[in-house]
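In: Predicted model, plus sequence, below.
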There are 2 protein chains.
Amino acid sequence: MNAIDTTCINAIRMLSADAIEKARSGHPGLPMGAAPAAYALWQRVLRHNPANPDWVNRDRFVLSAGHGSMLIYSLLHLTGYDSPTLADIQQFRQWNSATPGHPENFITPGVEVTTGPLGQGFANAVGLAAAQAHLAARFNTDDFPIIDHRVYCLVGDGCLMEGISSEAASLAGHWGLGQLIVLYDDNQISIDGATDLAFTEDVTRRFESFGWQVLQVADGDTDVDGIEAALRAAQQETQRPTLIRVRTTIGYGAGAKAGSADSHGAPLGPEALASARQNLGWSHGPFEIPAEVSQHMNARKAGAEAEAAWQSMFDAYRAQHPDKAAAFLQLISDSFCEGWDSELPTYTAADKPEATRASSGRCLNALAPHLQGLMGGSADLSPSNQTLLKMCGDFQRGTYAHRNLRFGVREHAMGAICNGIALHRTGLIPYCATFLVFVDYMRNAIRMSALSRAGVLFVMTHDSVAVGEDGPTHQPVEHLASLRLIPHLTVIRPADGNETAGAYRAAVVRRNGPTLLALSRQNVPQLDGTSAEGVLRGAYVIHEPQAAPNLLLIGTGAELSLCVQAANVLAETGVHARVVSMPSWEIFEEQDAAYRDTVLPPDGPPRLVVEAGSRFGWDRYLSCGDQMISIDDFGRSGPGEQCLAMFGYTVDNVVDRAKALLGKRTN
Amino acid sequence: MNAIDTTCINAIRMLSADAIEKARSGHPGLPMGAAPAAYALWQRVLRHNPANPDWVNRDRFVLSAGHGSMLIYSLLHLTGYDSPTLADIQQFRQWNSATPGHPENFITPGVEVTTGPLGQGFANAVGLAAAQAHLAARFNTDDFPIIDHRVYCLVGDGCLMEGISSEAASLAGHWGLGQLIVLYDDNQISIDGATDLAFTEDVTRRFESFGWQVLQVADGDTDVDGIEAALRAAQQETQRPTLIRVRTTIGYGAGAKAGSADSHGAPLGPEALASARQNLGWSHGPFEIPAEVSQHMNARKAGAEAEAAWQSMFDAYRAQHPDKAAAFLQLISDSFCEGWDSELPTYTAADKPEATRASSGRCLNALAPHLQGLMGGSADLSPSNQTLLKMCGDFQRGTYAHRNLRFGVREHAMGAICNGIALHRTGLIPYCATFLVFVDYMRNAIRMSALSRAGVLFVMTHDSVAVGEDGPTHQPVEHLASLRLIPHLTVIRPADGNETAGAYRAAVVRRNGPTLLALSRQNVPQLDGTSAEGVLRGAYVIHEPQAAPNLLLIGTGAELSLCVQAANVLAETGVHARVVSMPSWEIFEEQDAAYRDTVLPPDGPPRLVVEAGSRFGWDRYLSCGDQMISIDDFGRSGPGEQCLAMFGYTVDNVVDRAKALLGKRTN
């Protein structure tokens, strides 16, 4: 390690520590401890172009230990990205700054994914590497490796304690993602104290059991050459992902706080900060970057050259393989070819009943030929979720060009891997599936999808107590509400085949955020009046009575057909019921007020909602006197039809409740 | 293996398969494949007394692969439990039966924990083993090992793919829980097909990396003696948990479906069922149990003897160690000693502001001397969650008598381990802690806690955007609502020190269900009028204006103080605002209507709710014209006070919104 290396590393350390001190908030321990590893990677190995953070073949870097955000802001700044500027860094963690407390991909260019919740970034990195492998297999030729970037990820012990990282690591090893290289900032300190309080497993052996190469750097505090050598060795291994354990000192240099949990999550304070200056021989003031550092670390020239070289290669590729190049450009353009939705199924009321999970399977298979970016799969429930693309094989070691992903029973990693695939930003449209009740296993991944604006499709089947015999552990009750709660997540619960097609139409074009589909296990009839177009308005009238309505029946999903049948029965007794299908609250609330008021007139007739789930949240659409047939307790084991009936989901009960609501005596 | 062993094993297989066939629903593959392992365990090793499923020193058995529920029902029936009867088994998976689709501890005696969501049972088993180790360390003497039972668990590949099992296994290895023995039904088949589609890691090596002993049984289909030998070897290992890989054939015997995913999750059907009868040489009709099987497997005599021997030992223990015995009996009685809550802190408005997480820390430490069963900890956030019991050391290998648990960054396993501790049913009161936003990592464990009636305390701090600089990944917004949604979970968000004490009073005595506390990171003032007693009513008036109220301000947690201050400001302008503190919806809704109506009069003045979270769900307490200051989007990074202010949580804004609500012009 030369003197300039030491100076640059100390610049990263001090810029980070000073910014945290100024903010009076942040985590200096990681940036100070992991600075040598980050420097070795960014200075000597990483291929990126600060002038174009969107260069498609850039290496991806994920700071899974997102609390160390000042590390990435320092790196982005020092390597010459337009943002964050020094002024931005002085606004670290302030309202509206370009340098929020944890890295946010929608705020700071160069930040690939949003991190903070531990382990998510690790699983995102697996998704990014899967996307790389897939595109490489589809588009690279022997002469033109147009997508051959690597995915680097920096994790701490917290990331590795989380179950999601075990799930993701097992899959990455299974898939043999050789372009994935993870640096483990092994500082042996967690918030509670030494990691041996709770974390004494043999991490090396564990990752080897997953099929990873594991390398070690004994002195991660000063041995930049050793770190670089490990990174090079990792690059040589193309059949396995690599974990590099870099033994570091948390808060390196920060006096008594170095090597202690005290440096983890709070500013160093004047004393330890002064110690750091002294220990590191740092004579510069806060936010003062020595010219030699800026000069040495600035990567704009090298980055521009790298991208230019790639562009030349791509031009030659385009000349020799025009079809492949066109397909590649079409894919990454995020635009859809004409007629992409032309084969989505349509239904009439004469068509036979079908579970919406089956309609969903048809939709996926109707889209796959047209949407070359569509890829995904299930957490070991493919036959139940009906998510296999029949025209495609499995994405596996050696067959990365295929589009069916086999996630195994790993819901949490599945969600985060799909976030990574979406945030590869190359036109891939990932979908993933499990039973609706198990969104609880992947909830933070879904939330991160919404926060980080990833266009993932969550295909959730078995969406009510109609699941039946499997009982309360498998019957979602509160789950629709729990999902509608998540900001920027669009939830769609289609009622039949036409609505399922509409749900896919809405979901596929939503590239800046996730959509979750809730689908029935059981068959549902094809209804008169439902339509894909209706779904695109969120809620719409599917049945209008012969006279002015004196009742509104609002249904979603499988229960909509009960509303239609009840309306017909009620018509015989002089009750004029309008039936509203309401597959998506979020889409409905995006419509203008005039439209919303035509569907649900503000001072209109009383309303009865029929949905096999919790009432929680529905009150926003209900006034005093309105009612809902809901389930506000756990489900029960029994045949699905019987479960529905016992919880009140029969035509008779809808009719009775409607009459009671209108103050009429039931028969 | 003798002929009788084979006959008994086949009885388990066929009873299970026949019940599933009759139910037209269920999972025959596991019971048929794992029958030899289950038989070896239950027939030759397990210490239990069918006549008394509550015997405190019984071995615990957890069927983590809960879809194989017919296996445990068969075992319970054949070993002589009063329930399930043969008639119960013929009602398998029917509404209201004693044999629901997945094992439910609140339905079927002998079922220790509710399983189905994969991996939960495994983590529950770690909790059960931790409880065993703790009690043994506290109460056993050299001569009297009054708690020396083992915890056996049966898992499938699905359980082992889930991240929660990695988390729990790492902890179990770290803790060195030698009484934990896990049988892995290694049938190499998952729902999607062969496990090598997604699961090619080296499981043996992984568990060894966690510090486990791993044993193998090559022929789990017929080698009962080999399985028994492995179980005995596992018992000999007292310093490490043991995983026994038992290589089995899913659906063993079931003709073409044996060894195939087709036998996993659906009845065999007449053809394969007939094949099974033929292949297994089973000449008996459905539900016909040969007398020799009943005789051989009935464990009532051996069980009664085992319990009687234990009781004799316990009597001798009581004679020699009367204090220890009394303490043990007091603990397992689930009753609290007089004055258990006498040291809970009380506050007056003159006391200085304090974060409710700090008040919570005081409460835990005030309770610990009196509640000898209180034990718990944090997912590596002890200093932030303030959950350390200062009078206690750490529960670690060799110091199991201590009550501070160090979970590491493993929220999901933490929750499920606490469920296991609670469901050990020996008076232990487990608590666990993380940031509120990370309930998303452990949501299914919380749901299972509520479903299985486990008296766990979930201590969740940093409960709003007031978290500040850490930003949206760390700021809960929709989380309070998402928790209020879960049936049978009591959520309490106390406003100050007195309410925090009240929250603990409510939570501790709730032994048949979980309670979640949402606590502030930031300091809050001690308010006039708050009280522990008020919390026990869920909502109550803390400030009554001088004249009849023309406005109701409803606050929870840290925002309650804004309501009080706003009421004082409003009073100066002639607005008479009543202030209602509403720490717990669930407790409030348990109150009688008369009380509820005094607090929130049905036709009373307009209401303004102030809570730093989603409006979702609050509409049930709001009529047209009522309003709420809510956050219905992700949070933002910035200083906590500023975040609160930008989202409208200032006294001025509450005053303005109140005036607007009343149609008055703001100044």
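Out: Okay, I see it.

In: Is A:Leu517 bridged to anything, and to what?
Out: Legend: beta-bridge partners of A:Leu517 under DSSP bridges are A:Val459, A:Ile492.

In: Any chance you could give me stretch A:183-190 in PDB, C-alpha atoms only?
Out: Coordinates of each C-alpha in stretch A:183-190 appear next as PDB, following Å, rounded to 0.1, in the frame of the first residue of the first chain:
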ATOM      1  CA  LEU A 183     -17.200  -8.400   1.000                       C
ATOM      2  CA  TYR A 184     -17.900  -9.200   4.600                       C
ATOM      3  CA  ASP A 185     -16.800  -6.400   6.900                       C
ATOM      4  CA  ASP A 186     -15.900  -8.800   9.700                       C
ATOM      5  CA  ASN A 187     -15.400  -6.400  12.600                       C
ATOM      6  CA  GLN A 188     -16.700  -8.700  15.300                       C
ATOM      7  CA  ILE A 189     -18.800  -6.000  16.800                       C
ATOM      8  CA  SER A 190     -22.500  -5.700  16.800                       C
END
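
In: roughly how far is that stretch from the heart of the chain?
Out: Between the mean C-alpha location of stretch A:183-190 and the chain-wide mean there is a distance of 25 Å, by C-alpha atoms, centre = their mean, to the nearest Å.

In: Check stretch A:616-633 too.
Out: Here stretch A:616-633 shows a centroid-to-chain-centroid distance of 31 Å under the convention C-alpha atoms, centre = their mean.

In: try stretch A:430-450
Out: In terms of C-alpha atoms, centre = their mean, the gap separating the centre of stretch A:430-450 from the centre of its chain is 8 Å.

In: Over that stretch, what's the mean pLDDT, rounded is fine.
Out: When pLDDT is averaged along stretch A:430-450, the result is 98.

In: Return the residues in contact with the residue nearest to A:Asp185 when sequence neighbours are not counted.
Out: Counting by C-beta to C-beta, 6 or more residues apart in numbering or on different chains, A:Ala34 is the residue found nearest to A:Asp185 once chain neighbours are left out, at 4.4 Å. For glycine as for every other residue, the C-beta is placed from the backbone atoms N, C-alpha and C. Under the criterion of C-beta atoms under 8 Å, 6 or more residues apart in numbering or on different chains, the neighbours of A:Ala34 are A:Ala65, A:Gly68, A:Leu71, A:Leu154, A:Leu183, A:Asp185, A:Gly220, A:Val246, A:Thr248.

In: Select from those every entry located in helices.
Out: Counted as lying in helices by DSSP state H, out of the contacts of A:Ala34, are A:Leu71.

In: ok, back up a step: is it true that the residue nearest to A:Asp185 lies in a helix?
Out: Yes. In this structure, A:Ala34 lies within a helix as judged by DSSP: H, G, I helix; E, B strand; the rest coil.

In: how far away is it from chain B?
Out: With distances taken as C-beta to the nearest C-beta, to the nearest Å, A:Ala34 is found 17 Å from chain B.

In: And A:Gln213, its phi and psi?
Out: Recorded main-chain torsions at A:Gln213 are phi -80, psi 130, according to degrees, to the nearest 10.

In: Counting neighbours, what do you get for it?
Out: Residues lying near A:Gln213 (other C-beta atoms under 10 Å in any protein chain shown) number 19.

In: Next: A:Cys624.
Out: Other residues within reach of A:Cys624, judged by other C-beta under 10 Å, total 8.

In: do A:Glu533 as well
Out: 11.

In: any idea how far A:Gly373 lies from A:Ile250?
Out: Note on A:Gly373: its distance to A:Ile250, by C-beta to C-beta, to the nearest Å, is 41 Å.

In: Compare these two and say which one has the larger neighbour count.
Out: A direct count of neighbours by other C-beta under 10 Å for A:Gly373 and A:Ile250 places A:Ile250 higher, at 26 against 23.

In: ok, the more buried one - contacts?
Out: The neighbours of A:Ile250, taking C-beta under 8 Å, 6+ apart as the test, are A:Gly29, A:Leu30, A:Met32, A:Gly33, A:Asn187, A:Ile189, A:Ala258, A:Gly259, A:Ser260, A:Ala261, A:Ser263, A:His264.

In: does it sit in a helix, a strand or a coil?
Out: coil.

In: For it, give me the pLDDT.
Out: Model confidence at A:Ile250, given as pLDDT, is 97.

In: try A:Thr666
Out: Among the per-residue scores, A:Thr666 shows a pLDDT of 44.

In: can you check A:Thr99 too?
Out: Reported pLDDT for A:Thr99: 98.

In: Kindly report the same for A:Phe647.
Out: Model confidence at A:Phe647, given as pLDDT, is 98.

In: what are the phi and psi angles of it?
Out: Listed backbone geometry of A:Phe647 is phi -90, psi 0, with angles given as degrees, to the nearest 10.

In: To what extent is it buried, counted in neighbours?
Out: Residue neighbour count, defined by other C-beta under 10 Å, stands at 23 for A:Phe647.

In: go on, A:Gly398?
Out: 10.

In: Excluding sequence neighbours, find me the nearest residue to it.
Out: Once its chain neighbours are removed from consideration, A:Gly398 has its nearest residue in A:Gly176; the separation is 8.0 Å (C-beta to C-beta, 6+ apart).

In: Contact partners for that neighbour?
Out: With contacts defined as C-beta under 8 Å, 6+ apart, the neighbours of A:Gly176 are A:Gly211, A:Gln239, A:Arg240, A:Pro241, A:Arg397, A:Gly398.

In: Roughly how far does the third one sit from A:Gly220?
Out: In this structure, A:Arg240 and A:Gly220 are 22 Å apart, going by C-beta to C-beta.

In: Neighbour count: those two, which is higher?
Out: Neighbours per residue (other C-beta under 10 Å) separate A:Arg240 from A:Gly220, with A:Gly220 holding more: 29 against 22.

In: I figured that one hits A:Thr248, correct?
Out: Yes. Taking contact to mean C-beta atoms under 8 Å, the distance of 4.0 Å between A:Gly220 and A:Thr248 places them in contact.

In: shared neighbours, the two?
Out: When contacts are counted by C-beta under 8 Å, 6+ apart, the set common to A:Gly220 and A:Thr248 consists of A:Gly33, A:Ala34, A:Pro36, A:Ala37, A:Asp185, A:Asp186.

In: from those, which two are the most distant?
Out: The widest separation within the shared contacts of A:Gly220 and A:Thr248, taken as C-beta to C-beta, falls between A:Pro36 and A:Asp186 and amounts to 12.7 Å.

In: tell me the contacts of the residue of chain A found nearest chain B?
Out: Going by C-beta to the nearest C-beta, chain B is nearest to A:Gly163 of chain A, at 2.2 Å. For A:Gly163, the contact set (C-beta under 8 Å, 6+ apart) comprises A:Gly119, A:His412, B:Glu162, B:Gly163, B:Ile164, B:Ser165, B:Ser166, B:Glu167, B:Arg410, B:His412, B:Ala413.

In: do that again at 6 Å, thanks
Out: Contact analysis of A:Gly163 by C-beta atoms under 6 Å, 6 or more residues apart in numbering or on different chains lists B:Gly163, B:Ile164, B:Ser166, B:Glu167, B:His412.

In: Looks to me like A:Leu243 is in a helix.
Out: No. A:Leu243 is assigned strand when assessed by three-state DSSP, not a helix.
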